[in-house]
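# The following block contains a protein sequence and its predicted model.
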Amino acid sequence: MQPKAITVREIYSRFSAKEDLTKLGEIYICGWVRTNRDSGSIGFIALNDGTCFKNLQLVYSNELSNHDEVSHLLTGTTIGAKGTIVMTPEMKQPFEFRVSFVEVLGTCDSDYPLQKKRHSFEYLREEAYLRPRTNTFNALFRLRSVLARGVHEFFQDRGFVYVHTPEITGNDAEGAGQVFSIATMDEKGKLNDTDFFGKRASLTVSGQLHVEAFAMAFRDVYTFGPTFRAERSNTTRHASEFWMIEPEIAFGDLEDDMNLMEDSIKYLIRYALEKCPDEMDFFNKMIAPGLFEKLNRVLETPFRRMEYTEGIKLLQDAVVSGHHFDNSDIFWGMDLQSEHERYLTEEVVKGPMFLINYPKEIKAFYMRENDDGKTVAACDCLVPGEGEIIGGSQREERYEILEKKMKELGNKEGLEWYLNLRKWGGCIHSGFGIGFDRLLMYITGIGNIRDTEPYPRTSSQLKY
């Protein structure tokens with residue numbers, strides 16, 4: 001009779017629940033060989049079956065009927081094994097799997113690119129289809145999956161409605177013009193970017209404008225999906241395709257918006273620590289020592305508010321005092337760079353903060369103009385070790401002021417529907433955006449956005 005099939009995750013879960021694993025009897029498990037070492041009389045296989053971050057140690061003896069085959073199994077080979085759990089409290093691992101039978105389910109050639117050695121992240125990007133098999137990316141992409149669930153739980157538990165906003169759109173929400181245009185190809189191979197829709201269309205840079213309309217019906221809404229920017233920015237923080245979390249709250253002002261931002265970021269950090277303890281422990285030990293200290297500081301510290309104008313003054317004072325920035329030309333009206341943001345959050349506040357009320361010239365057209373006529377009710381959430389992690393604003397709910405802005409920018413045509421939201425039952429409302437891939441960078445300590453995305457898309461690179 002075939003023994004009971006079981007997963008590594010189930011074994012560790014039963015162990016955590018203090019069950020007697022020896023009572024499982026003979027069981028069957030399958031997975032992939034991470035390492036295999038044989039000393040002649042006894043051999044050890046580290047097996048991972050993909051159900052959890054931990055490996056299961058398989059122990060086989062030279063009495064195994066196919067010992068010669070098993071002792072030569074290469075890293076990456078897929079196997080199935082029968083055996084029993086034996087408790088080993090005196091050893092490094094609390095238990096091991098004593099093998100009685102091993103079968104090869106899928107061979108692995110000797111030219112397998114992931115041998116038993118450290119591979120650089122740069123090398124692994126070239127082998128993106130294999131890197132989930134490494135410890136770092138196995139942990140990272142499991143966390144990505146779990147954290148995505150956490151995003152939905154956070155908003156759904158608070159009564160938010162999830163809206164699937166379109167990926168194909170006729171407008172550029174940010175007004176930056178850095179979009180991917182959509183074109184069709186005729187039988188002669190000629191591209192036409194107006195034939196299919198009768199007008200120019202592009203991949204969305206943000207779901208915000210579309211989700212705002214739903215806030216006027218459901219009050220609290222969010223969208224969470226891929227967005228696209230045709231930026232040729234070869235930096236560690238930019239990608240051409242990335243995922244965005246974009247909530248919108250009706251009847252909420254900038255203060256309400258910031259409270260929601262703080263709650264959400266703290267919730268998601270806690271969620272990662274609680275739901276993926278093994279993976280997070282790996283990141284803290286192997287990728288970014290001190291990670292737990294950084295994250296716990298965010299969890300334990302109230303987010304301070306600081307005016308943009310005050311931030312500029314503090315940066316100017318720092319330059320006068322001898323602090324060196326790569327860009328030391330600090331002036332009111334400039335868009336702060338990461339080094340400026342990190343100085344404020346790390347050196348001045350020494351904790352998480354909101355920088356608020358930015359000059360209207362450097363912010364998007366939909367942000368609410370303040371009474372001073374110079375600034376808008378916008379904020380950036382800054383955290384130590386990263387700088388900006390979230391951006392948001394109160395939206396301009398006054399029809400005449402928004403219409404004037406849109407006319408000045410020349411983007412009213414095609415967005416009349418967005419403007420109409422202000423005269424057909426409009427209200428004060430606010431929202432923000434979290435780059436999911438950058439959030440993963442911050443929570444894991446991974447230093448490049450290309451490594452938080454399963455198949456990164458950047459300029460001049462489209463391998464898969």
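That came through, no problem.
# Okay, helices next: where are they in this protein?
Ranges of helices in the chain, per DSSP state H, are 8-16, 67-71, 121-126, 135-156, 208-218, 254-275, 277-282, 291-300, 308-320, 338-342, 399-409, 416-420, 436-444.
# Go through the fourth one and flag the buried ones.
Applying a neighbour-count criterion of 16 or more other CB atoms under 10 Å, one finds 135-144, 147, 150-151, 154-155 buried in helix 135-156. All C-beta atoms are positioned from the backbone trio N, CA, C, and that covers glycine.
# Which stretch among the helices of the chain is buried most, on average?
Using mean count of other CB atoms under 10 Å, the stretch among these with the largest mean neighbour count is helix 436-444, at a mean of 24.
# now the angle between helix 291-300 and that one, please.
Here helix 436-444 points in a direction 110 degrees away from that of helix 291-300 (axes from the mean of the first three to the mean of the last three CA atoms, to 10 degrees).
# Report the distance from helix 436-444 to the chain centre.
5 Å (CA atoms, centre = their mean, to the nearest Å).
# Check which helices and strands that helix is in contact with.
The contact analysis (3 or more CB pairs under 8 Å, 6 or more residues apart in numbering; DSSP states H and E) places helix 436-444 against helix 135-156, strand 241-250, helix 254-275, strand 387-394.
# can you put the ones you listed in a markdown table and add distance to residue 127 and mean pLDDT?
Below are the helices and strands packed on helix 436-444 laid out as a markdown table (distance: least, CB to CB, whole Å; pLDDT from 0 to 100):
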| stretch | distance to residue 127 | mean pLDDT |
| --- | --- | --- |
| helix 135-156 | 10 | 98 |
| strand 241-250 | 20 | 97 |
| helix 254-275 | 26 | 98 |
| strand 387-394 | 30 | 95 |
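# Quick one: closest of these to residue 314.
Among these, the nearest to residue 314 by CB to CB is strand 387-394 (14.9 Å).
# what helices or strands is that closest one leaning on?
helix 254-275, helix 338-342, strand 375-383, strand 429-435, helix 436-444.
# So for residue 93, which of the helices and strands packed on helix 436-444 sits nearest?
Among the helices and strands packed on helix 436-444, helix 135-156 sits nearest to residue 93 (CB to CB), with 16.2 Å.
# okay, the residue lying closest to residue 441 once chain neighbours are set aside: pLDDT?
Nearest-residue entry for residue 441: residue 452, 5.5 Å, with adjacent residues in sequence omitted and distances by CB to CB, 6 or more residues apart in numbering. Looking at residue 452, its pLDDT reads 97.
# With residue 177 instead?
Residue 177 is assigned 58 on the pLDDT scale.
# follow-up on the earlier one: save the helices and strands packed on strand 387-394 as JSON lines, and put in distance to residue 110 too.
Formatted as JSON lines, the helices and strands packed on strand 387-394 follow (distance: least, CB to CB, whole Å):
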{"stretch": "helix 254-275", "distance to residue 110": "38"}
{"stretch": "helix 338-342", "distance to residue 110": "44"}
{"stretch": "strand 375-383", "distance to residue 110": "46"}
{"stretch": "strand 429-435", "distance to residue 110": "41"}
{"stretch": "helix 436-444", "distance to residue 110": "32"}
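# so which of these gets nearest residue 38?
Closest approach to residue 38 among these (CB to CB): helix 436-444, 34.9 Å.
# Run the angle between the closest one and strand 429-435 for me.
Going by the same axes, to 10 degrees, helix 436-444 is angled at 70 degrees with respect to strand 429-435.
# picking that back up, nearest to residue 271 among the buried residues of helix 135-156?
Of all the buried residues of helix 135-156, residue 271 sits closest to residue 150, with 3.7 Å by CB to CB.
# what pairs with residue 306 across the strands?
For residue 306, the beta-bridge partners under DSSP bridges are residue 355.
# quick one, what contacts it?
With contact set as CB atoms under 8 Å, 6 or more residues apart in numbering, residue 306 has these partners: 344, 349, 353, 354, 355, 356.
# Counting neighbours, what do you get for the fourth one?
The criterion is other CB atoms under 10 Å. On that basis, residue 354 has 23 neighbouring residues.
# Isn't it up against residue 378?
No. The pair residue 354 / residue 378 is not scored as a contact, 10.0 Å apart, by CB atoms under 8 Å.
# Quickly list what's touching both of those two.
Here residue 354 and residue 378 have no joint contacts, going by CB under 8 Å, 6+ apart.
# Can you report phi and psi for the residue nearest to residue 441?
Dihedral pair for residue 452: phi -100, psi -10, per degrees, to the nearest 10.
# right, and it touches residue 442 too?
No. Counting by CB under 8 Å, residue 442 is not a contact partner of residue 452; they are 9.7 Å apart.
# residue contacts, residue 328?
Residues in contact with residue 328 (CB under 8 Å, 6+ apart) are residue 319.
# do that again at 10 Å, thanks
Residues in contact with residue 328 (CB atoms under 10 Å, 6 or more residues apart in numbering) are 315, 316, 318, 319, 339, 340.
# hey, what's in contact with both of residue 452 and residue 442?
Contacts common to residue 452 and residue 442, judged by CB under 10 Å, 6+ apart, are residue 435.
# can you count the residues close to residue 26?
Other residues lying near residue 26 total 14 when counted by other CB under 10 Å.
# Could you do residue 40 as well?
8.
# is it true that it touches residue 62?
Yes. Assessed by CB atoms under 10 Å, residue 40 is found in contact with residue 62 at 6.5 Å.
# which neighbours do the two share?
Jointly contacting residue 40 and residue 62 under the rule CB under 10 Å, 6+ apart are residue 71.
# coming back round to it: of the helices of the chain, which is nearest residue 384?
helix 291-300 (6.4 Å).
# Can you say which two of the contacts of residue 306 are spatially most distant?
The distance between the two most remote of the contacts of residue 306 (CB to CB) is 13.1 Å, for 349 and 356.
# Mutual contacts of these two, please.
306, 311.
# who has more neighbours, those two?
Per other CB under 10 Å, whichever of residue 349 and residue 356 has more neighbours is residue 356, with 24 against 21.
# and the nearest residue to that one once chain neighbours are set aside, what are its bridge partners?
Spatially, and ignoring its direct neighbours in sequence, residue 356 is nearest to residue 379 (4.4 Å; CB to CB, 6+ apart). Note on residue 379: beta-bridge partners residue 356, residue 392, judged by DSSP bridges.
# Please look at residue 379 and residue 357 and confirm they touch.
Yes. Look at residue 379 against residue 357 with CB under 10 Å: they come within range, at 7.9 Å.
# of the two, who's got more company?
residue 379 (29 against 22).
# Below-threshold pLDDT in the chain: ranges please.
For the chain, the stretches with pLDDT under 70 are 1-2, 173-177.
# hmm, what's the outermost residue in it?
Within the chain, the residue lying farthest from the chain centre (CA atoms, centre = their mean) is residue 63, at 48.0 Å.
# distance of it from residue 28?
Distance from residue 63 to residue 28, counting by CB to CB, to the nearest Å: 20 Å.
# Residue 418 now?
58 Å.
# Spell out which residues sit in contact with the residue nearest to residue 356, please.
Counting by CB under 10 Å, 6+ apart, residue 379 makes contact with 254-255, 257-258, 261, 303, 305-306, 308, 353-358, 367, 390-394, 430, 432.
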